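In: Need a 3D model of the following:
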Amino acid sequence: MKHDDPVFPMPTDYKSFMQKSAEYQLTLLKLLILAEKLCWDDLFNAAMNAFIDGEDKVMNRAHIPDYLIEMAYEQCHDKSPVRRLIVDMVHSVAKTSHTHWRYSGLVQKYNDFLVDLFKRLDYQPGDSPFPEALNPLKTFKCKYHMHGEREEIACFGQHG
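Out: Have a look, this model is predicted:
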């Protein structure tokens, strides 16, 4: 099988590929957290785009690994776009795969995680951050970018 995508080349050893992909995603998450702490919006937005692409095009997770949730809740502030994306991913995967019980230990460890999940459950269909799809990875990446209102309008305009 030939795969010509230079960003996500498909290796012959699938297990090795998935391990390297998980490491790549973890590195991107660390970069997101650093860029968020430094208030470096351009780096954050580029890293967010790459992280979302990797999760969407390569990882195809049946559940969100605990370490991604732990990093988001230990290293990001409570209004963080990283946290919002992770919660949206958990909600999407748990809703479609019925894996919500696997997160019970994390909601006990991180009260904010439980609160964020309940807030996410409160969305009405039109209020959802991704109304056209169940998967947050299929929405505009701008939804998880760092920018002001003016930049948000311009960012969404590029995709609309």
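
In: Backbone torsions only: list them for Ala62.
Out: phi -80, psi -20 (degrees, to the nearest 10).

In: Cys39 too?
Out: phi 60, psi 40.

In: measure Arg102 to Lys79 for me?
Out: 26 Å (C-beta to C-beta, to the nearest Å). (C-beta placed from N, C-alpha, C; glycine too.)

In: Helices of the chain, residue ranges please.
Out: Under the criterion DSSP state H, the chain contains helices at 14-37, 41-54, 66-75, 81-97, 104-109, 111-121, 149-159.

In: any chance of these in CSV, plus mean pLDDT and mean neighbour count?
Out: Shown next, in CSV, are the helices of the chain (pLDDT from 0 to 100; neighbours: other C-beta atoms under 10 Å):
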stretch, mean pLDDT, mean neighbour count
helix 14-37, 93, 16
helix 41-54, 94, 19
helix 66-75, 96, 17
helix 81-97, 87, 20
helix 104-109, 92, 13
helix 111-121, 88, 15
helix 149-159, 53, 11
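
In: will you turn the ones you listed into a markdown table that also has distance to Cys142?
Out: Shown next, in a markdown table, are the helices of the chain (distance: least, C-beta to C-beta, whole Å):
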| stretch | distance to Cys142 |
| --- | --- |
| helix 14-37 | 15 |
| helix 41-54 | 8 |
| helix 66-75 | 19 |
| helix 81-97 | 10 |
| helix 104-109 | 28 |
| helix 111-121 | 19 |
| helix 149-159 | 4 |
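
In: Let me see the contact set for the most centrally placed residue in the chain.
Out: In the chain, the centroid-proximal residue (C-alpha atoms, centre = their mean) is Leu85; its distance is 4.0 Å. Leu85 makes contact with Met48, Phe51, Ile52, Pro136, Tyr144, according to C-beta atoms under 8 Å, 6 or more residues apart in numbering.

In: and the first one, what does it touch?
Out: Each residue near Met48 by C-beta under 8 Å, 6+ apart is listed here: Leu32, Pro81, Val82, Leu85, Lys141, Tyr144, His145.

In: what do you get for Leu114?
Out: Val107.

In: What separation is there between it and Thr139?
Out: Distance from Leu114 to Thr139, by C-beta to C-beta: 24 Å.

In: quick revisit: ok, the contacts of Leu85 vs Asp66, which is closest?
Out: Phe51 (17.3 Å; C-beta to C-beta).

In: So for Arg102 and Lys79, which sits in the more crowded spot?
Out: Set Arg102 next to Lys79 and count neighbours by other C-beta atoms under 10 Å: Arg102 wins out with 16 against 7.
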